[in-house]
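Visitor: Build me a structure from this.
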Amino acid sequence: MKNVKLELRKWYSTSHCKLQFEIDELSKTVTEWEIKAESSNLDETQRLQWMEDRESLIQKEKNQMEMLKQKSRYKWAFEGDENCKFFHSVIRRRQHKNNIHGINIAGIWSTNPTEIKRGAHNHFKSLFKTPLGKKFKLKNWSGPCLDISKAELLEARFTEIETLDAIKSCGPNKAPRPDGFNMLFYTKF
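Guide: Predicted coordinates:
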């Protein structure tokens, strides 16, 4: 059994290092494709090669994550919370999955980073621009108005009784304020 264990360790160390090297190389290649795609338009063969490299990278990262998941189960029994490499790899995978790889612009699917940026920019620009001719004005307001005494009450200072009532109405076990005291402290003292 000891010999099998030693051989398995050798095999794992060589295959894991090889897999990590392949992931690093593919990651560099995909990054180079993305930089090239931002600066110029890619032809169809280049785009297909880019997509193929990206899919290969995703598959190899998935294989590595499965290996790390298996390893973390073993380490968890001995080390407990000390094993954070697996969790960081899960976070990196989620970040990669949450990236925008393509976008539908006017009914056409585009994976070109320049077009994606332009499409997102135009979308949010149209959302946040002010529409012409639809400005709200209150020149001749004929609706209900506050009388002067109520308007003055809105601008008046809070009384000590109102302040104490507001403090006592808060839940005592709420999260502490930045000074470290929760509402129980303020209601008691």
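
Visitor: Neighbours of the residue lying closest to Asn104 once chain neighbours are set aside, how many?
Guide: Distances taken as C-beta to C-beta, 6 or more residues apart in numbering put Ser110 closest to Asn104, at 7.7 Å, once the chain neighbours are dropped. From N, CA and C alone the C-beta is placed, and that goes for glycine too. Counted with other C-beta atoms under 10 Å, the neighbours of Ser110 add up to 15.

Visitor: Can you report phi and psi for Asn41?
Guide: phi -80, psi 140 (degrees, to the nearest 10).

Visitor: need the contact list for it.
Guide: Asn41 makes contacts with 112, 114, as judged by C-beta atoms under 8 Å, 6 or more residues apart in numbering.

Visitor: Could you report the pLDDT at it?
Guide: At Asn41, the model reports a pLDDT of 82.

Visitor: That one and Phe87: what is the separation?
Guide: 39 Å (C-beta to C-beta, to the nearest Å).

Visitor: Quickly list the domain ranges of this structure.
Guide: Following automatic domain parsing, one finds the domains of the chain at 2-115, 148-188.

Visitor: you'd agree the residue nearest to Asn104 is up against Ile100?
Guide: No: contact criterion C-beta atoms under 8 Å: Ser110 and Ile100 do not qualify, at 10.7 Å.

Visitor: what do these two both touch?
Guide: Residues touching both Ser110 and Ile100 (C-beta under 8 Å, 6+ apart) are Ile116.

Visitor: a markdown table please, covering the domains of the chain and showing distance to Lys125.
Guide: Shown next, in a markdown table, are the domains of the chain (distance: least, C-beta to C-beta, whole Å):
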| stretch | distance to Lys125 |
| --- | --- |
| domain 2-115 | 14 |
| domain 148-188 | 37 |
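
Visitor: Nearest to Ser142, out of those domains?
Guide: domain 148-188 (18.0 Å; C-beta to C-beta).

Visitor: Any idea how many residues pack against the closest residue in space to Pro172 that isn't next to it in sequence?
Guide: Leaving aside its chain neighbours, Pro172 sits nearest to Leu184 (3.9 Å; criterion: C-beta to C-beta, 6+ apart). For Leu184, the tally of surrounding residues (other C-beta under 10 Å) stands at 14.

Visitor: so Leu184 touches Ala175, yeah?
Guide: No: under the criterion of C-beta under 8 Å, Leu184 makes no contact with Ala175, lying 11.7 Å away.

Visitor: what about the strands in this structure?
Guide: With DSSP state E as the criterion, the chain has strands at 103-105, 108-110.

Visitor: If anything else comes up later, I'll come back, but that's it for now.
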